[in-house]
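A.B. asks: Give me a 3D structure for the following:
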Amino acid sequence: MSDESPLIRSLRAAVAAAPEDVPLRLHFAELLLAEGLGDEAVTEAAVALQHAPGDAAARALMARAMGAPAAPKETPAAPAPEAPAPAPAPEAPRFDWAAAEQEVGDLVGPRFVESGTEEPLTADGSGDPGDASAWDVDAPGSVRLADVGGMREVKERLEAAFLAPMRNPELRKLYGKSLRGGLLLYGPPGCGKTFIARAVAGELGASFMSISLSDILDMYIGTSEKNVHDIFETARRQAPCVVFLDELDALGAKRSRTHHSGLRNVVNQLLTELDGINGAENEGVFVLAATNVPWDVDLALRRPGRLDRTLLVLPPDGPAREAILRYHLRERPIESVDLGKLVKATEDFSGADLAHLCETAAESALLESARTGTVRMINMKDLLGAAKQIKPSSESWFASARNVAMFANEGGMYDDLVAYLKKKRKL
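C.D. replies: Below you'll find the model as predicted:
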């Protein structure tokens with residue numbers, strides 16, 4: 001401004017030269033407030049709080065700038081020996097931050113969106129490791145395949161492998177279809193393999209156990225193999241039960257490449273439990289496994305009667321991307337969002353990429369609101385800008401998978417991957 005005082009002009013230049021100097025910025029805000037420039041004082045106090053969220057002086061200045069009454073100043077009185085002592089100045093009312101948060105509560109969505117489902121539970125480590133009851137088992141959940149957006153081919157394969165035989169016991173007996181089964185889900189990371197496994201358990205009305213390498217490995221000889229046995233014993237007692245083996249490439253790595261005898265023994269024990277020998281009956285125990293690198297899984301685990309069926313879980317298609325975006329934006333303050341346009345801009349994005357996109361767009365709007373002191377909604381500019389910043393995480397996976405599909409597709413093991421790569425003209 002041309003009519004502002006030289007002091008304010010000098011301080012404005014000093015603050016621009018040292019933007020992180022909080023005391024200097026607060027001094028500048030005090031002068032602005034004294035000159036009647038309350039809006040500018042609020043902006044400077046907001047920026048100071050951005051650099052120092054717990055600064056009491058910045059919070060007090062923000063309260064005064066936003067209109068909270070300040071403490072009256074005492075004026076010196078002429079000395080009079082007979083005059084009584086002046087009464088203490090009344091304490092200034094404190095700015096009600098809780099009330100301010102409630103006032104804008106409808107405009108500002110939660111910083112983090114809670115997942116619609118609980119994370120997979122694992123062994124809590126309590127009790128005797130040899131006691132099968134030490135393993136946590138989730139009760140049948142409410143998640144169904146209908147909750148999985150898109151992925152029509154994945155749902156059809158799951159229906160044929162697990163769901164149709166379970167729903168039709170008479171046809172199952174007629175055709176001699178056993179309820180034993182194993183299915184290997186593979187594909188790029190972040191595409192919902194764990195969520196699909198939970199949805200299968202929900203469709204079956206089955207209990208759910210999620211197992212990873214850290215749940216099984218133990219420093220003592222023989223305990224890791226015993227843990228594998230205990231897991232399957234628990235699943236047999238809880239049948240129907242879905243046992244989900246996450247990151248199978250770590251748990252069931254190729255024994256020819258494994259130099260640690262403990263890991264080789266774990267694979268051997270896992271093969272024994274999948275076969276259900278020694279009187280163990282796996283009827284009603286459904287084994288689902290997930291991996292990003294199926295070519296690193298021991299081939300014995302993929303023989304008939306074990307994890308003999310594979311299912312490629314690809315990045316979400318258009319309808320699935322729309323459902324995922326709608327889910328992650330459902331509680332955030334948005335305006336004029338064209339989901340159709342956003343779906344086209346996120347081709348090949350995984351579910352995790354889409355969640356990251358929504359988070360990045362929210363951060364952009366939040367930061368601008370903090371800088372300007374005015375809360376604004378998340379718009380298409382934020383979302384499309386985030387889409388340009390984020391590169392699909394599946395690209396590196398397909399670069400590796402392409403070599404496997406071209407040179408290591410023995411017996412048509414990866415025919416579905418080859419078909420997809422040809423469809424996308426990546427092969």
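A.B. asks: And stretch 40-52, how far out from the chain middle?
C.D. replies: Here stretch 40-52 is found 32 Å from its chain centre; the criterion is Cα atoms, centre = their mean, to the nearest Å.
A.B. asks: Which residues outside the longest helix seen in the chain are in contact with it?
C.D. replies: The longest helix of the chain (DSSP state H) is helix 351-372. If you take Cβ atoms under 8 Å, 6 or more residues apart in numbering as the criterion, helix 351-372 is touched by 43, 46-47, 50, 108-109, 111, 189-192, 195, 315-316, 320-321, 324-325, 328-329, 332-333, 346, 349, 375-379, 382-383, 385-387, 389-390, 392-394. C-beta: built from backbone N, CA, C; applies to glycine.
A.B. asks: buried stuff in that helix?
C.D. replies: Neighbour-count burial for helix 351-372, counted by 16 or more other Cβ atoms under 10 Å, picks out 351-362, 364-366, 369.
A.B. asks: After it, heading C-terminal, what element do we hit next?
C.D. replies: Once the chain leaves helix 351-372, the next helix or strand it forms, by DSSP states H and E, is helix 380-389.
A.B. asks: Export only the CA atoms of that next one, formatted as CSV.
C.D. replies: Extracted as CSV, the C-alpha positions of helix 380-389 are listed here (Å, rounded to 0.1, in the frame of the first residue of the first chain):
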residue,chain,number,x,y,z
MET,A,380,-10.8,-30.7,-9.4
LYS,A,381,-7.7,-28.6,-9.7
ASP,A,382,-6.3,-30.1,-6.5
LEU,A,383,-7.3,-33.7,-7.6
LEU,A,384,-6.0,-33.4,-11.2
GLY,A,385,-2.8,-31.7,-9.9
ALA,A,386,-2.3,-34.7,-7.6
ALA,A,387,-2.9,-37.1,-10.4
LYS,A,388,-0.1,-35.5,-12.5
GLN,A,389,2.3,-35.7,-9.5
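A.B. asks: Mind listing what's buried along stretch 251-269?
C.D. replies: 251-255, 258, 262-267, 269.
A.B. asks: From start to finish, how long is it in a straight line?
C.D. replies: 11 Å (Cα to Cα, to the nearest Å).
A.B. asks: which other residues reach that stretch?
C.D. replies: 211-213, 216-217, 221, 224-225, 228-229, 245, 270, 289, 296-301.
A.B. asks: out of the buried residues of helix 351-372, which one sits closest to F398?
C.D. replies: Nearest to F398 out of these is D353 (Cβ to Cβ; 13.6 Å).
A.B. asks: what's the spacing between the closest one and G222?
C.D. replies: Per Cβ to Cβ, to the nearest Å, D353 is found 42 Å from G222.
A.B. asks: for L383, same thing?
C.D. replies: Applying Cβ to Cβ to L383 and G222 gives a distance of 54 Å.
A.B. asks: between those two, who's got more neighbours?
C.D. replies: With neighbours defined as other Cβ atoms under 10 Å, L383 and G222 compare such that L383 has more, 26 against 11.
A.B. asks: for the more buried one, what are its contacts?
C.D. replies: V337, L342, L357, C358, A361.
A.B. asks: farthest-separated two in those?
C.D. replies: Greatest spatial distance among the contacts of L383 (Cβ to Cβ): V337 and L357, at 12.1 Å.
A.B. asks: and the closest residue to H328 other than its chain neighbours, what pLDDT?
C.D. replies: Using Cβ to Cβ, 6 or more residues apart in numbering and skipping the chain neighbours, the partner closest in space to H328 is C358 (4.0 Å). Per-residue pLDDT puts C358 at 94.
A.B. asks: Domain ranges for the chain, per the record?
C.D. replies: Domain ranges of the chain: 1-68, 132-312, 318-389, 394-423, per automatic domain parsing.
A.B. asks: Give me the number of neighbouring residues for M62.
C.D. replies: Residue neighbour count, defined by other Cβ under 10 Å, stands at 23 for M62.
A.B. asks: Next up, the contacts around it.
C.D. replies: Contacts for M62 were tallied using Cβ under 8 Å, 6+ apart; they are V42, A45, A46, L49, F95.
A.B. asks: swap in S400?
C.D. replies: V293.
A.B. asks: What of the one 5 residues further on?
C.D. replies: With contacts defined as Cβ under 8 Å, 6+ apart, A405 is in contact with Y414, L417, V418, L421, L427.
A.B. asks: Next SSE downstream of the strand or helix carrying it?
C.D. replies: For A405, the enclosing helix or strand under DSSP H and E is helix 394-407. Using DSSP H and E, the helix or strand that follows helix 394-407 in sequence is helix 415-423.
A.B. asks: Show me what counts as buried in that next one.
C.D. replies: Buried, per 16+ other Cβ under 10 Å, within helix 415-423: D416, L417, V418, Y420, L421.
A.B. asks: Pretty sure the second one sits against V313.
C.D. replies: Read that as L417. No. Look at L417 against V313 with Cβ atoms under 8 Å: they stay out of range, at 11.1 Å.
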